[in-house]
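[1] sequence unknown, structure follows:
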């Protein structure tokens, strides 16, 4: 009977119910979108790191494992040192240079790199033909509407698109290593070295040997599995805090939305609360009714938030996939339901208690 | 069984309005016999609504003794007064006070829900009452689809669904035209005569008051028997 009253009350004010649920839905979407974006971008980075085909990643001292750029190391170490190490079959240096936001350009020696990771699978065009050529991936091309032969302005230079390749190979924008070294004042330097072994099973022993080498003191040396595992929320400076801030904000928004909704509901239904009390409803019954209404609002809002998160996901991946990548985070659905319900019940508490304390006679006299 | 269903003596009620004390009831004595139909008349501000609220357990008295069906209301907590409203008292209001979002039947069942008799089917006697009230074909309509007279008859059914010891009616015909007023008052009289329902009715209307067995007048917080 109470549930019928709750549903009929919510149906009675359809617009307000809809808007309140939608507001909670946006709160849910906000969390799911931020977590989905964080995870999507990290997964994309992981996939591209794996796509490089290396068994071991070597970073110079002071470089963050997943930073956009950082310290550099001499390129000559590749031929003079790394290629001489046991089990190392191939080595390639890359230079990463930030170009604004979270976008980067990566410089490679195309022959060394493709020998390690396999050839680029070109959708259109092919490898570099000149010093100021650039290979872009399909997402970058689609987002920026670039075709082979078009010009892209990078580091104050016009680069010609020589090829559009399938995504997932190290980077979205790849230029000749020499060009990037010269344009960024890093001649003879690379940001990291990628090693391919003759036997992947030898990875732990090769890493141990490299770490034991006094000349590599302070260098970060990772197997591919260790390296991609670094692409986690915990390892991106400030990302976890950012997610917590978003969750906190969404709790505050959810709390305020429901507080306002329930406050106006209680004011509007003052007389009905008086009627219920005259019929024998206890203060606990009144709070129970309002909390059930809130729970329904929160759950409808949660469901609409999930639906909206699919729309947000499709929009991000469809429109700006080169810059942002989003995934659906199923494992957060129930967490975010808890957050939405918690914030909503918190928001309903004070109006509910106010209604419960309402004097029955005054409530019945309310016009 | 005590034949006096309402026993009131020396009843006082003082409201604090800002810094001013308002004496709504100044020592009311009243006994109502089980099965009696009592009309309480009086001008606005005479204290009859306050009496109605105290007898209905909606507020507590400041002083005096009030026994409803043997239960001492002066010693009741809020929870106990809530329990009293569930089982012993049925209310009829001038403005019907039906829950607007529920159908007539759901309004009736809501009162039944609070009395903890949920799940028990409405008994034959109650179905007869619905026939008597002439609303059995209107039970699945919401209040906005009902006339004033129908709404008040639904309110009467709701007030009686738990078989209360006392039916309290506060200006039950105040919002009705003559035809509907007569019908509602006739129903109240039938309920009293056929079912032995004790009724305490507050009214301004002398014609309505005449439906009762007995009439008392309130003035300045005191009762005068007529």
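    Yes, it's here. None of these values were measured; they are calculated from a predicted model.
[2] Might one say that residue B:30 is in contact with residue B:216?
    Yes. Look at residue B:30 against residue B:216 with CB atoms under 8 Å: they come within range, at 6.9 Å. All C-beta spots, glycine's among them, are computed from the backbone N, C-alpha and C.
[3] Between those two, which contacts overlap?
    Counting by CB atoms under 8 Å, 6 or more residues apart in numbering or on different chains, the shared contacts of residue B:30 and residue B:216 are residue B:223.
[4] residues from the stretch 251-367 of chain A in reach of chain B?
    A:271-272, A:274-283, A:285, A:359-361, A:364 (CB under 8 Å from any CB of the partner chain).
[5] Show the pLDDT at residue A:303.
    Reported pLDDT at residue A:303 in the predicted model: 96.
[6] Let me know the helix or strand that it is in.
    helix A:283-319 (DSSP states H and E).
[7] Give the buried residues for that helix.
    Using 16 or more other CB atoms under 10 Å in any protein chain shown as the burial criterion, the residues of helix A:283-319 that qualify are A:283, A:285-294, A:296-306, A:308-309, A:312-313, A:316-317.
[8] cool, stretch B:44-57 as well?
    Those would be B:46, B:47, B:48, B:49, B:50, B:51, B:52, B:53, B:54, B:55, B:56, B:57, for stretch B:44-57 by 16+ other CB under 10 Å.
[9] Check stretch A:222-235 too.
    Residues A:222, A:223, A:224, A:227, A:228, A:230, A:231 are the ones in stretch A:222-235 that count as buried (16+ other CB under 10 Å).
[10] quick check, distance from it to the centre of its chain.
    15 Å (CA atoms, centre = their mean, to the nearest Å).
[11] Enumerate every residue touching the spatially closest residue to residue A:61 that is not a sequence neighbour.
    Using CB to CB, 6 or more residues apart in numbering or on different chains and skipping residues adjacent in sequence, the residue nearest residue A:61 is residue A:218, 3.3 Å away. Going by CB under 8 Å, 6+ apart, residue A:218 touches A:60, A:61, A:62.
[12] let's see 10 Å
    A:59, A:60, A:61, A:62, A:63, A:71 (CB atoms under 10 Å, 6 or more residues apart in numbering or on different chains).
[13] what are the ranges of the strands in chain B?
    Under the criterion DSSP state E, chain B contains strands at B:4-17, B:20-33, B:37-41, B:63-68, B:71-72, B:89-92, B:166-170, B:198-203, B:214-219, B:222-225.
[14] Tell me the neighbouring strands of the fourth one, and mark each as parallel or antiparallel.
    Sheet pairing here is set by DSSP bridges, and for strand B:63-68 it gives strand B:4-17 (antiparallel), strand B:71-72 (antiparallel).
[15] where does residue A:37 land in three-state SS?
    helix (DSSP: H, G, I helix; E, B strand; the rest coil).
[16] low-confidence ranges in the chain?
    Since no chain was named, I'll use chain A. A:64-71, A:101 (pLDDT under 70).
[17] wrong one, I was asking about chain B
    B:1-2, B:117-122, B:226.
[18] thinking again about what came up before, same for the helix holding residue A:303, what does it pack against?
    For helix A:283-319, the elements it packs on are helix A:2-12, helix A:14-51, helix A:138-144, helix A:239-268, helix A:270-278, helix A:333-357, helix B:78-87, judged by 3 or more CB pairs under 10 Å, 6 or more residues apart in numbering or on different chains; DSSP states H and E.
[19] got a list of what the residue of the stretch 51-200 of chain A found nearest chain B touches?
    For the stretch 51-200 of chain A and chain B, the shortest gap (CB to the nearest CB) falls at residue A:143, measuring 50.3 Å. By CB under 10 Å, 6+ apart, the residues touching residue A:143 are A:136, A:172, A:318, A:319, A:320, A:321, A:322, A:323, A:324.
[20] And the closest residue to residue A:293 other than its chain neighbours, how far from residue A:290?
    The shortest distance from residue A:293 to any non-neighbouring residue, by CB to CB, 6+ apart, is to residue A:6 (5.1 Å). Between residue A:6 and residue A:290 the computed distance is 9 Å (CB to CB, to the nearest Å).
[21] Might you report the residue contacts of residue B:192?
    B:35, B:36, B:37, B:38, B:167, B:198, B:199, B:201, B:211, B:212, B:213.
[22] contacting residues around residue B:27?
    Residue B:27 is in contact with B:9, B:10, B:11, B:12, B:63, B:64, B:221, B:222, B:223, counting by CB under 10 Å, 6+ apart.
[23] so how many other residues sit close to the last one?
    Pointing back at residue B:223 there. 22 (other CB atoms under 10 Å in any protein chain shown).
[24] hmm, back to that, for residue B:153, find the nearest of the helices and strands packed on helix A:283-319.
    Set against residue B:153 and scored by CB to CB, the helices and strands packed on helix A:283-319 come closest in helix A:270-278, at 16.7 Å.
[25] what is the orientation angle of that closest one with helix A:2-12?
    Angle of helix A:270-278 versus helix A:2-12, following axes from the mean of the first three to the mean of the last three CA atoms, to 10 degrees, is 170 degrees.
[26] For helix A:270-278, what is the distance to the chain centroid?
    Centre-to-centre, helix A:270-278 and its host chain are 49 Å apart (CA atoms, centre = their mean).
[27] quick one: buried residues of that helix?
    A:270, A:271, A:272, A:273, A:274, A:275, A:276, A:277, A:278.
[28] next one: stretch B:170-178
    For stretch B:170-178, by 16+ other CB under 10 Å, it's B:170, B:171, B:172, B:173, B:174, B:175, B:176.
[29] For those residues, give me JSON lines that also has distance to residue A:21.
    Shown next, in JSON lines, are the buried residues of stretch B:170-178 (distance: CB to CB, whole Å):
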{"residue": "B:170", "distance to residue A:21": "38"}
{"residue": "B:171", "distance to residue A:21": "40"}
{"residue": "B:172", "distance to residue A:21": "40"}
{"residue": "B:173", "distance to residue A:21": "43"}
{"residue": "B:174", "distance to residue A:21": "40"}
{"residue": "B:175", "distance to residue A:21": "36"}
{"residue": "B:176", "distance to residue A:21": "40"}
